[in-house]
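[1] structural data only, the sequence is not supplied:
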């Protein structure tokens, strides 16, 4: 994920800016903050058996390497889950889930997964494709577009050429005069659109559709959180349910996953068994997304987690993320949630001279592995499925000065570990409720 600082004092002229549009999005009242007390006592989940079964003489080396990695990169807490051909063979936590409260990380703890959320959204889209709701080449806007009711907001008709596939592959041609990712400047967007901050996604969408300078869809790759947030809007339009409800009921629940959800921006609003988040030393603060917009940590009010939604808002345990992966990994245990044709479509490799990625939802696809990463100032995740049957998920609750490159450090650490560690032949998914 990209971290974008607000580096300028917003000109007063933007206060009076009006986009060409027949209507103005309605003002949404601020919801009261829900404070959860005794947060770790609100769910009766005990994964101690999972930890004990993961603790063998053979896996002790991985434990040691994990602690070394934690200390080397000054990470507060980290969770690791490893599977072999769809069987969970190892799941442990390291360090602090909440250092101030002295709560150690355990396998059930929930972490922000940042851009790994895009893989979840892509699976939701492919599920709707399999149901015949649309195709990957269906138009998003225009006379026959899925979101045609927003056509009045479009300033450049090149947007009529945008397809589902363009959104999935970051090739929709988005541009905006702020020259930044709109999902990370909610206060600026709210001021421009004259709506309270944090702004509803309709305001962000209206801002982006009002841009007159855009590029031909499909011409080049430009990583877009907005494009994936728009896929969430498409899921809502087609399913008739809000994005999170559809994904939890129609996708995740069918995989036996019930604890994943969209996270929150405030520390007081964290969910039961969600870790506390930390930023790397000397990380600059952001402007708070909430009035009066004073300085705020990027771990919380300085980042709009709910706004990232389909692009980067999910929280999950490493065990549940690995379970999710097991349903789209192409192995026969368990039976995949998507068809083999859909999985093949999602894992296409780049084969022509354009170098535009063809994979859907994944970060990188090669003959050796499928890889998805995620990064925020407060978290990192590396999710890998290798062609030798091994898969793993590693998530931290701490950012790094390496930024979006830190998942590469995680990948290197796990690659070295799996060269040396032998895992027991068991399936720990069977002991996880």
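    Perfect, thanks for sending it. The structure presented is a predicted model; accordingly, all values stated were derived computationally and were not measured.

[2] all strands of the protein, in order?
    Ranges of strands in the chain, per DSSP state E, are 77-84, 87-98, 103-104, 111-112, 261-262, 286-287, 295-296, 314-316, 364-365, 369-376, 379-386, 390-396.

[3] in TSV: those, plus mean pLDDT, mean neighbour count and distance to residue 57.
    For the C-beta atoms, the positions are set from N, CA and C on the backbone; glycine is no exception. Formatted as TSV, those follow (pLDDT from 0 to 100; neighbours: other C-beta atoms under 10 Å; distance: least, C-beta to C-beta, whole Å):
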stretch	mean pLDDT	mean neighbour count	distance to residue 57
strand 77-84	96	27	16
strand 87-98	95	23	13
strand 103-104	94	15	22
strand 111-112	97	30	28
strand 261-262	96	20	37
strand 286-287	91	22	46
strand 295-296	92	14	46
strand 314-316	98	28	30
strand 364-365	91	18	34
strand 369-376	94	24	28
strand 379-386	96	26	24
strand 390-396	96	27	20
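
[4] now render those strands as a markdown table, adding distance to residue 322.
    Below are the strands of the chain laid out as a markdown table (distance: least, C-beta to C-beta, whole Å):
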| stretch | distance to residue 322 |
| --- | --- |
| strand 77-84 | 4 |
| strand 87-98 | 6 |
| strand 103-104 | 20 |
| strand 111-112 | 13 |
| strand 261-262 | 17 |
| strand 286-287 | 32 |
| strand 295-296 | 33 |
| strand 314-316 | 10 |
| strand 364-365 | 18 |
| strand 369-376 | 12 |
| strand 379-386 | 8 |
| strand 390-396 | 5 |
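
[5] show me the one of these that comes nearest residue 203.
    strand 286-287 (17.1 Å; C-beta to C-beta).

[6] just checking: what are the partner strands of that closest one?
    Sheet pairing of strand 286-287 (DSSP bridges) gives strand 295-296 (antiparallel).

[7] and residue 405, which of the strands of the chain is closest to it?
    Of all the strands of the chain, it is strand 369-376 that lies closest to residue 405, at 8.3 Å by C-beta to C-beta.

[8] next one: the closest one to chain centre, how far?
    10 Å (C-alpha atoms, centre = their mean, to the nearest Å).

[9] run through who's touching that strand.
    Strand 369-376 is contacted from outside by 1, 3, 112-119, 298, 303, 312, 329, 347, 359, 361-365, 380-387, 399, 403-404, 406-407, 411, using C-beta atoms under 8 Å, 6 or more residues apart in numbering.

[10] could you redo the last one with a cut-off of 6 Å?
    The set of residues external to strand 369-376 that reach it, using C-beta atoms under 6 Å, 6 or more residues apart in numbering, is 1, 113-116, 119, 347, 362-364, 381-386, 404, 407.

[11] circling back to that earlier point, which of the strands of the chain sits closest to residue 50?
    Closest among the strands of the chain, once you apply C-beta to C-beta, is strand 87-98, at 5.2 Å.

[12] quick one, which of the strands of the chain gets closest to residue 227.
    It's strand 369-376; of the strands of the chain, that one is closest to residue 227 (C-beta to C-beta) at 15.9 Å.

[13] okay, the angle between the closest one and strand 390-396?
    10 degrees (axes from the mean of the first three to the mean of the last three C-alpha atoms, to 10 degrees).

[14] what's the burial count for residue 57?
    8 (other C-beta atoms under 10 Å).

[15] now it: how far from residue 177?
    Residue 57 sits 60 Å away from residue 177, going by C-beta to C-beta, to the nearest Å.

[16] same check on residue 376?
    Residue 376 is 25 Å from residue 177, by C-beta to C-beta.

[17] ok, residue 280 next?
    Counting by C-beta to C-beta - residue 280 and residue 177 are separated by 31 Å.

[18] between those two, which one's more packed in?
    Neighbours of residue 280 and residue 177, each counted by other C-beta under 10 Å, are more numerous for residue 280; the result is 18 against 10.

[19] wait, that one sits on residue 400?
    Yes: at 5.3 Å, residue 280 counts as touching residue 400 under the criterion of C-beta atoms under 6 Å.

[20] no further questions, thank you.
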